[in-house]
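S.K.: quick one, structure for this:
(one chain, ligands or ions: 1)
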Amino acid sequence: MAQKNVAVFISGKGSNLEAILKKRELSYLDCNIPFVVSSRKDAKGLQIAKDHHIQTYVVNHRCFSSRHLYEEKLLELTKKHSIDIIVLAGFMKILSSHFMHHFTGPILNIHPALLPAFPGLNAQKRALEYGVKFAGCTVHLVTDNVDAGPIFAQEIIPVFNDDSEESLSLRILEREHILLPEVLKIVIDGNYEIMGRRVLIYDDNN
Ligand code: GAR
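M.R.: This is a model prediction of the structure:
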C-alpha cells in the first residue's frame, strides 16, 4: 500500500512535531511528511522541521483579507502535496467547517487537558486553578466544534501540591509526545472505526 502523506500544522515550539519526526525516523511511523506549516513565522518548530529536511511554509491569517482565503491557502497546500492526514500539533488557529468540507481526510488534534474538561486556551492553567486532582491530554478528531470531536486516546496526569502551571504543562507535554505518535500510527494503519462519538480502536490482529 502507498505510504500516507501526513501534514503537520504548528504554531510554536514544535516539540510534538519533533516527537512525530523521531518516531518516523525510527520506522515506528510509516508515512511521508511532505510539509510542516506554521501559523507564525517565529515558531521554533519551523527549525525542527528544517533540521529534519522537511519543507516548511508559514501561512499567517493576518496576510489574508478573509478566513476563507486563509483556509483556501492551507487547502491548496494539502492538495498540492496530496495530503491524506493532518496533525494539529500545537496549532493555535481554529479551522472552520469550510476547511473540513474540503479536506475530507482525518484531522487529529492534541489538547493538553482531559476533554471535555477545559477546552480552548490555557487549559493547564485553568485545570490547576479549578483544583482538579487529575489533568492530562487528549488526542481527538477535529470537527466543526472546537476541541469536541471524537476522542482517540487520553492520558491522565496527577496534579501535585507543589505544581505550577509550568511544571504541570511539562509533565503533560511529556505524555503528549508518546500519545500523539501512537494515535497517528493507528490512523495511518487505518486500525479504527468511528461509531457516532466513539472511536473504536483495533489492534493489528482483529
Ligand atoms: C501542547 O501542549 C499542545 O497540547 C497544546 O500546545 C502545546 C504545543 O506544544 N495545544 C493546544 O493547546 C491546542 N489547543 P509544542 O509546540 O511543543 O508541540
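S.K.: interface residues of this protein facing the ligand?
M.R.: Within the chain, the positions adjacent to the ligand are 10, 12-16, 45, 89-90, 110-112, 123, 173, 176 by Cβ under 6 Å from any ligand atom. Any C-beta I mention is one placed from the backbone N, CA and C, and that applies to glycine too.
S.K.: 5 Å instead?
M.R.: For the chain, the contact set with the ligand under Cβ under 5 Å from any ligand atom comprises Gly12, Lys13, Gly14, Ser15, Asn16, Gly90, Ile110, Pro112.
S.K.: what about the helices in this protein?
M.R.: Taking DSSP state H, the helices of the chain run over residues 15-25, 45-51, 67-80, 97-102, 123-130, 165-189.
S.K.: could I get these as TSV with mean neighbour count and mean pLDDT?
M.R.: What follows is those, written out as TSV (neighbours: other Cβ atoms under 10 Å; pLDDT from 0 to 100):
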stretch	mean neighbour count	mean pLDDT
helix 15-25	20	98
helix 45-51	17	98
helix 67-80	16	98
helix 97-102	14	97
helix 123-130	18	98
helix 165-189	19	98
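S.K.: okay, those helices in JSON lines with distance to Lys4 next?
M.R.: Conversion of the helices of the chain to JSON lines gives the following (distance: least, Cβ to Cβ, whole Å):
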{"stretch": "helix 15-25", "distance to Lys4": "11"}
{"stretch": "helix 45-51", "distance to Lys4": "18"}
{"stretch": "helix 67-80", "distance to Lys4": "13"}
{"stretch": "helix 97-102", "distance to Lys4": "19"}
{"stretch": "helix 123-130", "distance to Lys4": "29"}
{"stretch": "helix 165-189", "distance to Lys4": "5"}
